[in-house]
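Peer 1: Just the structure for this:
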Amino acid sequence: MKIILILIIGLSLISFVQTDKNRKTDYLKDIQAYQQEMNKEFLNEESSPLTKEDLAHFSQLNFYPINQNYCVKAKLKLNSQPKEFGMKTTTARLPIYIKYGVAYFKLNGKKHQINIYQNVELASREGFRDYLFMLFTDLSSGVESYAGGRYIDLRIPINNAQLIIDFNKAYNPYCAYNSKYSCPIPSVEDHIDTEILVGVKKYH
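Peer 2: Below you'll find the predicted structure:
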């Protein structure tokens, strides 16, 4: 009986390790596919934010190594009385947002919180009603990542309680590549007090 029990436990552990390995492989493929799509967009003259001069020499974006530890589960506390406001941008444009809620999470051994926003105009469009927006600076901003901060696109979670934030999908605003664009600027509240060493690095 003991031998049978040991065999069962051993097989269960092998199965668990194999399943975990498969999950990590699937995750890696998912982020790689995301990065490939971004590169395709930047290489396409019709969709690229790059100037014609930069596009002529562009091959691919500079990404940090993929790290699944930067995909975090956050507790989302909804804003009970969201008010519309004009978010500051790099130009005089003030797009209308609401503060949808605050996400609380742990990363690099620390507790953090970050505001989660919703674009009012975008939320009125069919197919975009569940879109959320997060912008942030961190301790890598202005060093290896863009000084003006980075963005992450999110969706309203089904249970409105737990939000998956994957910093591997953090990208630069278009004005990091071309000054003709108008981009939202992270506020003091949108700062994360740790290095986010995943996602897109600064251009040039």
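Peer 1: Can you show me the CA trace of the lengthiest strand in the chain as CSV?
Peer 2: When the chain is scanned for its longest strand (criterion: DSSP state E), the result is strand 96-107. Provided in CSV are the C-alpha atoms of strand 96-107 (Å, rounded to 0.1, in the frame of the first residue of the first chain):
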residue,chain,number,x,y,z
ILE,A,96,-12.8,63.3,-20.5
TYR,A,97,-12.2,60.5,-18.0
ILE,A,98,-13.7,59.1,-14.8
LYS,A,99,-11.6,57.5,-12.0
TYR,A,100,-13.1,54.1,-12.2
GLY,A,101,-11.4,52.8,-9.1
VAL,A,102,-8.2,52.0,-7.3
ALA,A,103,-6.2,48.8,-7.8
TYR,A,104,-4.2,47.4,-4.8
PHE,A,105,-1.5,44.8,-5.5
LYS,A,106,1.9,43.5,-4.3
LEU,A,107,5.0,43.7,-6.5
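Peer 1: What are the buried residues along it?
Peer 2: Buried residues in strand 96-107, counted by 16 or more other Cβ atoms under 10 Å: Tyr97, Ile98, Lys99, Tyr100, Gly101, Val102, Ala103, Phe105, Leu107. (C-beta placed from N, C-alpha, C; glycine too.)
Peer 1: Could you do stretch 180-191 as well?
Peer 2: Buried residues in stretch 180-191, counted by 16+ other Cβ under 10 Å: Cys183, Pro184, Pro186, Asp190.
Peer 1: Please tabulate those in TSV, including the columns secondary structure and distance to Lys77.
Peer 2: Listed next are the buried residues of stretch 180-191 as TSV, based on DSSP: H, G, I helix; E, B strand; the rest coil; distance: Cβ to Cβ, whole Å:
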residue	secondary structure	distance to Lys77
Cys183	coil	27
Pro184	strand	22
Pro186	coil	20
Asp190	helix	16
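Peer 1: Mind checking what secondary structure Asn22 has?
Peer 2: Three-state call for Asn22 (DSSP: H, G, I helix; E, B strand; the rest coil): helix.
Peer 1: Kindly state the domain boundaries assigned to this structure.
Peer 2: Listed by automatic domain parsing, the domain ranges of the chain are 1-60, 62-190.
Peer 1: circling back: ok, so of the buried residues of stretch 180-191, who is nearest Met134?
Peer 2: Asp190 (8.0 Å; Cβ to Cβ).
Peer 1: For the residue nearest to the closest one when sequence neighbours are not counted, give me its contacts.
Peer 2: Spatial nearest neighbour of Asp190, chain neighbours left out: Phe136 (5.1 Å); criterion: Cβ to Cβ, 6 or more residues apart in numbering. Neighbouring residues of Phe136 by Cβ atoms under 8 Å, 6 or more residues apart in numbering: Ile114, Gly149, Arg150, Ile152, Ala170, Pro186, Asp190, His191, Ile192, Ile196.
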